[in-house]
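> Model the following, please.
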Amino acid sequence: MPIQSTLAGSFSSLLESTLEPVLKYLRNLSPLARLCVTSGVVFVLFGQYLRVKSGRRTSGCALASRLSEDPNIRVLMLEAGGSGTALVQSRTPSMYGRLFHTKHVYGFRTEPQVFARGKTSFWPRAKMLGGCSSMNAQMAQYGAPGDFDVWAQIIEDDSWSWKNLQRYFRKFERYIPHPEYPLVDASYRGKEGPIRVGYNNHVASESRAFIKSCVNVGIPFTPDFNGPNGTLGVSRVMTYVDEKYQRVSSESAYLTPDVLGRKNLTVAIHATVTRIIFEEYKGETQAVGVEFATRKGGQKYRARAKRDVVLCAGSIHSPHILMLSGVGPAKHLQSNSIPVVLDHPGVGQNLTDHVVADLYFKNKSAGSLAWLAPHSIGDVGKIVMAALQYFVMGNGGPMATNLGESAAFIRSDDRKLFPSSKFPDQLTDSASAKDSPDLELFTTPFAYKEHGDILFDLPTYALHCYLLRPMSTGEILLKSNDPWQMPSLNPNYLKNPDDLLKLVRGVRVLLDIAHSEPLSGYLDHTCTREDLDHQLHLQSDAEIAELIRERLETVYHPTSTCRMAPKEKGGVVDSKLRVYGIKGLRVCDASTFPSTISGHTAGACYVVAEKLADEMKAEYNSA
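Here you go, the predicted structure:
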């Protein structure tokens, strides 16, 4: 969920800090290596590592940290970017949108979306340690229990079921009870993990009113989306924000100074993996290392692994690296002049993304946080005061908003919300279980377009609906064999007609909420501006469907492009996240999700890493 700058650019630059020199990240690779000439190409060979981890996504920092707990496992972690924790825009909960058009982010655009007016959508993906946990909306909701039971069914391994994965959610969590939220069952939450979750973010009055309005239209209140009562309902969102009002990312939580001080862990930054190195051994293809470089046309390096190469590069870059290395659909590789190491048709397929439609309203409240997106000199003054409160006084305030402050999880077939008299169509049930949602509704303290690039010239408030279980899937494909050219992204938004019909229902219930007290008291429904949605409830479903096609955007949760599933069903990795047909190669990130989850993906990424780390350490110690 995006946001434009919360500070004037000049003020933000004064606050910019670069912590990489004091963090123990390796920048100059040459002193650790010896040069080797192979076929006229200069490479640098590092020493032998028990595992080389290529990538830096949300799962990557967790996996590197947990594996290096064992002093007998030597870990090299390669990161294409730098430190996310070093960036004030990442650390400050409300400022992450300022990263979207910088060197710290891959500014992908999708292919034209045939079923959404031919639009190309902006897909920002982090180029920094911590991956997208360093620039997401910090919403600590983990999906529905039924999602993981579906995983277990797909991969035919009960270790991935909810009953068996719960312990890993608790393992990464550190929840401290909050006096304002006594109904949260703390016994259901982890207490000693590295990831701080809780209620340390700032919340606007309108977002609290949203919760009450949801209850008034028939959405039940729930004290905890991740609690024993399941996901359905409305509540304030827990966040990955700590007691100092700073973002908790995978990097800040797992790569602490103590962890970075381990002699068996090396974290190399500004090192882009260009391909995986394979060798034939006893009739088997084995991953033995990776090739990487600091820039296009620069010196190439190689790192060798004694046991495993693990890709943690995310749902775009993990299949991209596999295909560049010769692992993927054979005809597609050959068309890009890449020698085929293994014909793997599933690589890059099954791309699934949560897609969102936004609604915009004029906010008449004097307490509106719309000034966080300034449109007057007075707003700039408020920003300066908020910056002083946050950065100088250290007591949070509006700049500690994560922007996605309240949410509701519902089903599109809930007849209390969507009576058959008004919604007669029977839509395909894509939810993971009868008590799992397929729509999420959430709030932001002001409205924006184009991921925050376009703002409004008056105080606003926004409501959003996104599809949790889309049935439309797409693919990641190469554009060439050049590792520095980014791949083609096509999520095929709305290809399945039911996806659009469910979003129409979600928008309808959002309009009911907007016109219900107490939220309606904050919004100026007398406003008739065509670019605002106060009169949208008077339009037909067909007109709302056209609006959704026009406004459709990613909510930054692509998954399943290296899917964990049986090979004969298009799977790329097995239940231990090992790539079928290649020894010593694994993938550990959201690309391995057998299906997407009913919520936000960061928590599941942590769980995948925690589980794999335990299994790899057990394997190594039993060898």
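> CA atoms for contacts and neighbours, from now on please.
Noted.
> how long is stretch 248-264 from one end to the other?
By Cα to Cα, to the nearest Å, the extent of stretch 248-264 from end to end equals 24 Å.
> Name the residues of it that are buried.
V248, S249, S250, E251, S252, A253, Y254, L255, V259, L260, R262, N264 (16 or more other Cα atoms under 10 Å).
> correct me, but the fourth one touches L129?
Translated: E251. Yes. Using Cα atoms under 8 Å, E251 is in contact with L129, at 5.9 Å.
> list residues touching both of the two?
Common contact partners of E251 and L129 (Cα atoms under 8 Å, 6 or more residues apart in numbering): C61, S83, G84, T85.
> contacting residues for the last one?
With contact set as Cα under 8 Å, 6+ apart, T85 has these partners: L19, R91, L129, S134, S249, E251, S252.
> Going by distance to P424, which of those residues wins?
Set against P424, the nearest of these by Cα to Cα is S134 (43.0 Å).
> if we can go back for a sec, can you add secondary structure and give the buried residues of stretch 248-264 back as CSV?
CSV is the format used below for these (DSSP: H, G, I helix; E, B strand; the rest coil):
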residue, secondary structure
V248, coil
S249, coil
S250, helix
E251, helix
S252, helix
A253, helix
Y254, helix
L255, coil
V259, helix
L260, helix
R262, coil
N264, coil
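> Have a look at the residues you listed and tell me the least confident one.
Least confident entry in the buried residues of stretch 248-264, by pLDDT: N264, with 92.
> which residue packs closest to that residue, ignoring adjacent ones?
R74 (4.6 Å; Cα to Cα, 6 or more residues apart in numbering).
> Next one, pLDDT for that neighbour please.
Looking at R74, its pLDDT stands at 92.
> Could you do C132 as well?
Looking at C132, its pLDDT reads 94.
> Please, where are all the strands along the stretch 401-550 of the chain?
Taking DSSP state E, counting those that start in this stretch, the strands of the stretch 401-550 of the chain run over residues 406-410, 439-444, 460-467, 475-477, 488-490.
> which strands and helices sit next to the longest one?
For strand 460-467, the packing partners by 3 or more Cα pairs under 8 Å, 6 or more residues apart in numbering; DSSP states H and E come out as strand 355-362, strand 439-444, helix 497-514.
> show me what contacts S121?
Counting by Cα under 8 Å, 6+ apart, S121 has contacts R109, T110, E111, P112, E553, T554.
> got those as CSV, with neighbour count columns?
Converted to CSV, those look like this (neighbours: other Cα atoms under 10 Å):
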residue, neighbour count
R109, 17
T110, 18
E111, 16
P112, 17
E553, 26
T554, 22
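> how about those residues in CSV, adding pLDDT, secondary structure and distance to S335?
CSV is the format used below for the contacts of S121 (pLDDT from 0 to 100; DSSP: H, G, I helix; E, B strand; the rest coil; distance: Cα to Cα, whole Å):
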residue, pLDDT, secondary structure, distance to S335
R109, 97, strand, 22
T110, 98, coil, 21
E111, 98, coil, 19
P112, 98, coil, 22
E553, 96, strand, 31
T554, 96, strand, 29
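> So, low pLDDT: which residues of the stretch 151-300 of the chain?
Along the stretch 151-300 of the chain, the model assigns pLDDT under 70 to no residue.
> wait, the chain
In the chain, residues with pLDDT under 70: 1-23, 29-57, 366-367, 623.
> hmm, 80 instead?
1-24, 28-57, 365-375, 623 (pLDDT under 80).
> E173 and I195 touch, don't they?
Yes. The pair E173 and I195 passes the contact test of Cα under 8 Å, sitting 5.0 Å apart.
> what about stretch 102-109, distance to the chain center?
Counting by Cα atoms, centre = their mean, to the nearest Å, stretch 102-109 is centred 15 Å from the centre of its parent chain.
> i'd like the first residue to be 50 from this point on
Got it, first residue is 50 now, which makes that one stretch 151-158.
> got the CA positions of it in CSV?
Output in CSV follows, covering the C-alpha atoms of stretch 151-158 (Å, rounded to 0.1, in the frame of the first residue of the first chain):
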residue,chain,number,x,y,z
THR,A,151,15.0,5.7,-6.3
LYS,A,152,18.0,3.4,-6.8
HIS,A,153,16.8,1.3,-3.9
VAL,A,154,13.8,-0.1,-5.8
TYR,A,155,13.3,-2.0,-9.0
GLY,A,156,10.7,0.1,-10.9
PHE,A,157,9.0,-2.7,-12.8
ARG,A,158,6.0,-2.2,-15.0
